[in-house]
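Visitor: what's the 3D shape of this:
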Amino acid sequence: MISAMEALARLQEGNRRFAAGEGGNGSSDAERRNQLVSGQEPFAIILGCSDSRAPAEILFDQGLGDLFVIRVAGNIVAPSLVASIEFAAERFGTRLVVVLGHSSCGAVQATIEELKRPPEERSPNMRSIVGRIRPSVETLLQTDLEKSPEKLMHHAVRANIRSSAHQLRNGSQVLEQLTEQDGLLVVGAEYSLETGLVDFFDGLPSKTRR
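Guide: This is a model prediction of the structure:
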């Protein structure tokens with residue numbers, strides 16, 4: 001299995017191809033499908049949002065068997081999602097975990113809207129998502145950002161990504177041990193719906209940031 005930094009470089013290169021309109025290099029033909037029948041070795045784990053505009057395999061121009069992808073609205077961290085990441089990291093030796101959010105995230109926007117409503121008008125069905133995004137967003141509503149919806153949204157999306165990445169780094173004994181002893185790296189990234197580019201902005205050594 002390749003190292004976390006090698007995996008990161010592979011994702012960055014694939015995203016550059018996608019953003020430039022040169023995607024389609026990921027292998028998904030019958031030969032590749034047959035190769036994967038006996039097992040898989042995904043080189044990166046992606047915790048991404050369920051938004052239909054942000055499918056990780058396409059954004060990073062990867063094919064069958066390349067990525068272990070977990071998708072949930074708002075790229076939130078919950079016990080079953082952590083377990084999925086632990087499973088892939090231990091079972092397949094994958095050493096890069098990416099929390100992938102995106103601009104104009106509907107789950108983040110829904111959280112902002114819910115927090116502005118009177119408590120009696122808030123949807124009980126949204127609590128499982130809102131409750132996990134809320135801590136990273138609520139404090140922003142108490143700043144001047146509240147007066148600028150566009151800036152508020154940008155900062156809220158990034159705050160939510162950072163929060164999820166932090167939870168993975170510090171909320172799992174398995175992932176903490178793999179980080180300390182086996183080179184696991186958990187990073188946060190934001191996909192721009194407007195440009196097609198992914199910005200890896202959280203958890204990277206400074207020399208690798210772009």
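Visitor: hey, let's count contacts and neighbours off CA atoms from now on
Guide: Will do.
Visitor: got the contact list for the helix-or-strand element of the chain with minimal mean pLDDT?
Guide: Every helix and strand of the chain was ranked by mean pLDDT, DSSP states H and E. The lowest is helix 30-35, at a mean of 83. Residues outside helix 30-35 that contact it (C-alpha atoms under 8 Å, 6 or more residues apart in numbering) are Leu64.
Visitor: CA atoms only: put the one helix or strand Glu6 maps to into PDB for me.
Guide: Secondary structure assignment for Glu6, by DSSP states H and E: helix 4-19. The C-alpha coordinates for helix 4-19 follow below in PDB (Å, rounded to 0.1, in the frame of the first residue of the first chain):
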ATOM      1  CA  ALA A   4      -0.400   8.900   2.800                       C
ATOM      2  CA  MET A   5       1.600  11.500   0.900                       C
ATOM      3  CA  GLU A   6       1.800   9.400  -2.200                       C
ATOM      4  CA  ALA A   7      -2.000   8.900  -2.000                       C
ATOM      5  CA  LEU A   8      -2.500  12.600  -1.600                       C
ATOM      6  CA  ALA A   9      -0.400  13.400  -4.600                       C
ATOM      7  CA  ARG A  10      -2.400  10.900  -6.600                       C
ATOM      8  CA  LEU A  11      -5.700  12.600  -5.600                       C
ATOM      9  CA  GLN A  12      -4.300  16.000  -6.400                       C
ATOM     10  CA  GLU A  13      -3.200  15.000  -9.800                       C
ATOM     11  CA  GLY A  14      -6.500  13.300 -10.500                       C
ATOM     12  CA  ASN A  15      -8.400  16.400  -9.400                       C
ATOM     13  CA  ARG A  16      -6.300  18.600 -11.700                       C
ATOM     14  CA  ARG A  17      -7.300  16.400 -14.600                       C
ATOM     15  CA  PHE A  18     -11.000  16.500 -13.700                       C
ATOM     16  CA  ALA A  19     -11.000  20.300 -13.200                       C
END
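Visitor: Only the buried residues of it, if you could.
Guide: 4-5, 7-8, 10-12, 14-19 (16 or more other C-alpha atoms under 10 Å).
Visitor: what's the answer for stretch 55-65, then?
Guide: Here stretch 55-65 shows 56-65 as buried, counting by 16+ other C-alpha under 10 Å.
Visitor: One more: stretch 71-89?
Guide: 71-72, 74-77, 81-82, 85-86, 88-89.
Visitor: One more: stretch 170-187?
Guide: Buried, per 16+ other C-alpha under 10 Å, within stretch 170-187: 172, 174-176, 178-179, 184-187.
Visitor: pLDDT below threshold where in this protein?
Guide: Scanning the chain for pLDDT under 70 picks out 118-123, 207-210.
Visitor: As a check, name the ranges of all strands in it.
Guide: For the chain, the strands defined by DSSP state E cover 44-48, 67-71, 96-102, 185-191, 198-202.
Visitor: Next, the angle strand 185-191 makes with the last one.
Guide: Angle of strand 198-202 versus strand 185-191, following axes from the mean of the first three to the mean of the last three C-alpha atoms, to 10 degrees, is 140 degrees.
Visitor: Much appreciated, bye for now.
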